[in-house]
Every structure is written in structure tokens, then in C-alpha cells.
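J.: The sequence isn't on hand, but the structure is:
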């Protein structure tokens, strides 16, 4: 039995493994049981749990699992509190993780299913969430705890495959190739994994199963929580095509709006759209989402990646910043370095935070969730400027910082490209990276820094960006 670190969970309360009823549905005992939620399936829910022995084609193509923790931050908080004797399960009441409860700052990072019924959404301001539900319980995030919970789950998964790719702190891919001699049936194995994680660690997961990472990820989203779904290529028309097009991976609000304008409202509409007409219209991003709509994706599961929880840069300015123009230059210099580091590590960031420190050493910050994860310099800079203008109180500033968190891998997706202009910026970022890598970071700078008293690339790596790196080394 794998126990979480004693300093984190103390004595683990043993929970009985979920039982199987005659109908094949799982019953979760007592207070650990979670209400039904998540999106529904297009056809019979249990159709996804068929025996894979009948699926010869899927076996030839290989099998990939996508494991996704249900309401991760909130589930981990709930498990920690329950295992330390707290009778209240945060998952069963309107609750969120995010921001500062006292000051009503920050955004919603995770929400319970009861909170979802009030219309509370991940990424919205904590103040707005409290307005929708005044009795909402707000829990401040504890990233060290979440990191340890994530690592404990990965240790369980490593007993089922050596190839585990952590896509983000709360989700990962598992390559089932070569494991059939040890675990012949993937469906049975998925149930074992799901039960073990709940029984030993105290939280639930969804597991999606398919022949590639894209379809496995889409499968894990079909209905939550505590479910197992398959989404093989031959199941795509019945299970995925009827979903709204905005539920397709990498289709954000801006892209969805453009698709709606062309009469594309479901994933089926996109899949059947003429591919030759999409590229001139949505460029390479359009081709990518057309492939995704048709279940086409072929990146391998990559293991042995050291998880990074955030990438950020900050700088202390040698003089007080008293005007927006100067502050914007500092933010641009920080965005240059942060975005380059994200691209260097093949990562995308979804939550952007700008931090400010005044000449009186008072600190505050402002953050938002981006429409889609990104590592594009211009997108990060424009977002940082927006956050700065919303937060700055017009006092002299001594220190500024930018940080991207909620990171995910960019290896099986292209960058978040919405139109031709952004695609050009993305390609320009890549060319600039190559030139700076070969000739040095000072060989190519933006013209706005030529006569400015601000460095064109500011900030540096902090220990916080690479947690536990010393122990890894």
C-alpha cells in the first residue's frame, strides 16, 4: 500500500475500495461519494466500458490512458482535511480554492460540484464567485501540498507503466504499450488504477482510454467525476461529434466565435468541413483543430519529465516607476524572458500573474486565466499590461514581476494560434530564440529599448520556479 508522505497526511485513514454492483457501476462509500457532474455523453454511458478484447484495431494501434484528477486542488484539500480528522468534505459543499479569502483577490482555481450549481466558473474572480454564492467557502491554495499529492499519484501509476508523461500537475498520460503481458485488459487495469488512487490517496480521477493522447484526453472529459471512458477512432462519430465545437481541445472562445460565424456549431460540423477551406481562413491552427475533430494526433507519450509548477521573472528597478509607459517597458522585458523560458522547456502557461512592489515595500498582485495556454511573447505582454493597468494604484513602483502557472506540455499541440497575425508572431518568436541561442541574447533586441534605461530582457530564474530541484539533482 502506497502511503503519502507522513509529514503531509499523517496517518492515512483507510477507505474501503469502491465496490462493483451487478450493473457494473461503482459505488463510492460514505462521505467520499461525489455528486454527479461534468458533461454528459452522446450515447449510452456504459458503451465506453466495453471489453477491449473485441477491439483488435485499437490493440494494433496501441493504447494510451489519460488520467485526470477531479477538481484537483479542491479534492486534494478535501482529502488532506479528512485524513486529518476534519468531518467536513469540501467536495460536498459550495467551496472553491483560489485567491485570498480575506481580501477577495485572485481567481477561482478549482470548484466543487455544489459550487458549480451557482454558476461559479474556474478562472473567474473570487469576488464574483462570492457574489453568486455569499456562503461560499474559499480555501487559499497550498501548492506544496498539491505537488506532493500529484507525485503520490504518479508513483501509483508507475507500477502500471514506465512511460508516464505529466501533462500538468493534475493530469498525465500513461503508455499502455508493452504492458499487456502484465495487465492483459486495459479496462480492468483502468478500474484497478482508479480504485487504488481513491482507496490509498483519498481522491477520485477520470480515466480516458484511446489510441492516441488527444482522444484519450477527450474521453476523460466526457462525464465526471470518478468515471472511465473509451473513445476509439470508430467511436468518435457517436461519442464526440455531437459535442459543441467549443468543447474540442484547443478551441477557445475566439476560435469558437469564428467557427460559429461559418455555421460550425458541433465537432461533427468541423470534422466534415472542407479542410482546404480552413487553412486560408484559420491558418495552421485551423488545420490542427480539424485534425483533432477527426481524431487525428500522433505524438508519443514522453516520460521522465521534471514537473515545473510555474515560470516567472521579476526585477527590482534602479529608479522608481511613476508612469505607465516605463512600467510597460519593464513588463515587456520580463515577458521576453519568461516566454523564451517557456518555449525552451516546451511548456505553455494558462494563469498569468503580475506582481507589484511599491517604494514603501508594499506588495500586491493581480492574475487572470488566459483564454488558451500560451508561450507567445506578445500574448503574455499584452495580458501583463492589461493586468497592470487594472491593478496599479498610481504609487511609485520599485519592483515588477510576471509569472505563468497552471503549466502544460506543448509537445502534442501547436501554439495557441487564432489568426495569421498571431501565427507570424509565433514563428518570429521561434526565429528570435534560434538567433539569440546562437549569437547571444543581446544580439537582437526590440527598438523600444535602444534609448531606454531599461534592460531589454530582465529578471532571472528563481528557486520557486523549479521546486525540489536540489533533491532531484
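T.: Received it, and whenever you're ready, just let me know what you need. Since the model is a prediction, treat every value here as computed from it, not as a measurement.
J.: Quick one: neighbours of residue 400, just the number.
T.: Look at residue 400: counted by other C-beta atoms under 10 Å, it has 26 neighbours. No exception for glycine: its C-beta is placed from N, CA and C like everyone else's.
J.: Quick check: it touching residue 329?
T.: No - the criterion here is C-beta atoms under 8 Å, and residue 400 misses it with residue 329 at 10.1 Å.
J.: Low-confidence regions, the stretch 51-200 of the chain specifically.
T.: Low-confidence segments of the stretch 51-200 of the chain, defined by pLDDT under 70: 51-60, 100-105.
J.: can we see that at 80?
T.: 51-61, 99-106, 178, 180-181, 184 (pLDDT under 80).
J.: Quick one: the helices in it, in order.
T.: Listed in chain order, the helices of the stretch 51-200 of the chain (DSSP state H, counting those that start in this stretch) span 56-61, 72-82, 113-116, 126-132, 143-157, 186-201.
J.: Please parse this structure into its domains.
T.: The chain resolves into domains spanning 1-16+57-230, 241-293, 310-463 when parsed by automatic domain parsing.
J.: Highest mean neighbour count out of the ones you listed?
T.: domain 1-16+57-230 (a mean of 19; mean count of other C-beta atoms under 10 Å).
J.: Pull the distance from that domain to the chain's centre.
T.: On the basis of C-alpha atoms, centre = their mean, to the nearest Å, domain 1-16+57-230 is displaced by 12 Å from the centre of the chain it belongs to.
J.: got it, and stretch 241-252?
T.: In this view, stretch 241-252 has its centroid 16 Å away from the chain centroid, taken as C-alpha atoms, centre = their mean.
J.: for the helices of the stretch 51-200 of the chain, which one sits closest to residue 449?
T.: Smallest distance to residue 449 across the helices of the stretch 51-200 of the chain (C-beta to C-beta): 33.5 Å, for helix 143-157.
J.: That closest one to helix 186-201, inter-axis angle?
T.: 140 degrees (axes from the mean of the first three to the mean of the last three C-alpha atoms, to 10 degrees).
J.: Can you list the helices and strands that helix 143-157 packs against?
T.: helix 6-9, strand 64-69, helix 72-82, strand 164-168, strand 171-175, helix 186-201 (3 or more C-beta pairs under 8 Å, 6 or more residues apart in numbering; DSSP states H and E).
J.: what ranges do the strands span in the stretch 151-300 of the chain?
T.: Here the stretch 151-300 of the chain has its strands, by DSSP state E, counting those that start in this stretch, at 164-168, 171-175, 205-210, 228-230.
J.: Nearest to residue 446 among the ones you listed would be which one?
T.: Here strand 164-168 is closest among these (C-beta to C-beta), at 31.2 Å.
J.: Quickly run through the sheet partners of that closest one, with directions.
T.: Strand 164-168 pairs in its sheet with strand 171-175 (antiparallel), by DSSP bridges.
J.: Helix 72-82 and the partner strand, what's the angle between them?
T.: 100 degrees.
J.: I'd like the domains of the chain laid out as a markdown table, including distance to residue 302.
T.: Shown next, in a markdown table, are these (distance: least, C-beta to C-beta, whole Å):
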| stretch | distance to residue 302 |
| --- | --- |
| domain 1-16+57-230 | 5 |
| domain 241-293 | 18 |
| domain 310-463 | 6 |
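J.: To residue 300, which of those domains lies closest?
T.: Taking these one by one with C-beta to C-beta, domain 1-16+57-230 is closest: 7.6 Å.
J.: Now render the helices of the stretch 51-200 of the chain as JSON lines, adding distance to residue 448.
T.: Conversion of the helices of the stretch 51-200 of the chain to JSON lines gives the following (distance: least, C-beta to C-beta, whole Å):
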{"stretch": "helix 56-61", "distance to residue 448": "51"}
{"stretch": "helix 72-82", "distance to residue 448": "39"}
{"stretch": "helix 113-116", "distance to residue 448": "44"}
{"stretch": "helix 126-132", "distance to residue 448": "35"}
{"stretch": "helix 143-157", "distance to residue 448": "35"}
{"stretch": "helix 186-201", "distance to residue 448": "50"}
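J.: which one of the strands of the stretch 151-300 of the chain lies closest to residue 117?
T.: Taking the strands of the stretch 151-300 of the chain one by one with C-beta to C-beta, strand 205-210 is closest: 19.6 Å.
J.: Nearest to residue 405, out of the helices and strands packed on helix 143-157?
T.: The nearest among those, by C-beta to C-beta, is strand 164-168 at 10.1 Å.
J.: So what touches that closest one?
T.: 66, 150, 154, 157-158, 172-175, 217, 301-303, 305, 307, 406-409 (C-beta atoms under 8 Å, 6 or more residues apart in numbering).
J.: got a list of what residue 276 touches?
T.: Going by C-beta under 8 Å, 6+ apart, residue 276 touches no other residue.
J.: Please tell me how far it sits from residue 270.
T.: To residue 270, residue 276 is 14 Å away according to C-beta to C-beta, to the nearest Å.
J.: next one: residue 375
T.: For residue 375, the distance to residue 270 - C-beta to C-beta - is 25 Å.
J.: same thing with residue 140?
T.: Taking C-beta to C-beta, one finds residue 140 at 40 Å from residue 270.
J.: One more: residue 317?
T.: Residue 317 sits 47 Å away from residue 270, going by C-beta to C-beta.
J.: nearest to residue 355, of the strands of the stretch 151-300 of the chain?
T.: Here strand 164-168 is closest among the strands of the stretch 151-300 of the chain (C-beta to C-beta), at 22.3 Å.
J.: Residue 256 contacts residue 262, doesn't it?
T.: No - taking contacts as C-beta under 8 Å, residue 256 lies outside contact range of residue 262: 11.1 Å.
J.: ok, residue 446 touching residue 329?
T.: No - in this structure, residue 446 is not within contact of residue 329 by C-beta under 8 Å, at 9.3 Å.
J.: mind putting the strands of the stretch 151-300 of the chain in TSV, distance to residue 237 included?
T.: Below are these laid out as TSV (distance: least, C-beta to C-beta, whole Å):
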stretch	distance to residue 237
strand 164-168	26
strand 171-175	24
strand 205-210	14
strand 228-230	14
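J.: between these, which gets nearest to residue 342?
T.: Closest among the strands of the stretch 151-300 of the chain, using C-beta to C-beta: strand 164-168, at 13.6 Å.
J.: Not counting residues beside it along the chain, what's closest to residue 121?
T.: residue 108 (6.9 Å; C-beta to C-beta, 6 or more residues apart in numbering).
J.: Could you check how far that neighbour is from residue 340?
T.: 30 Å.
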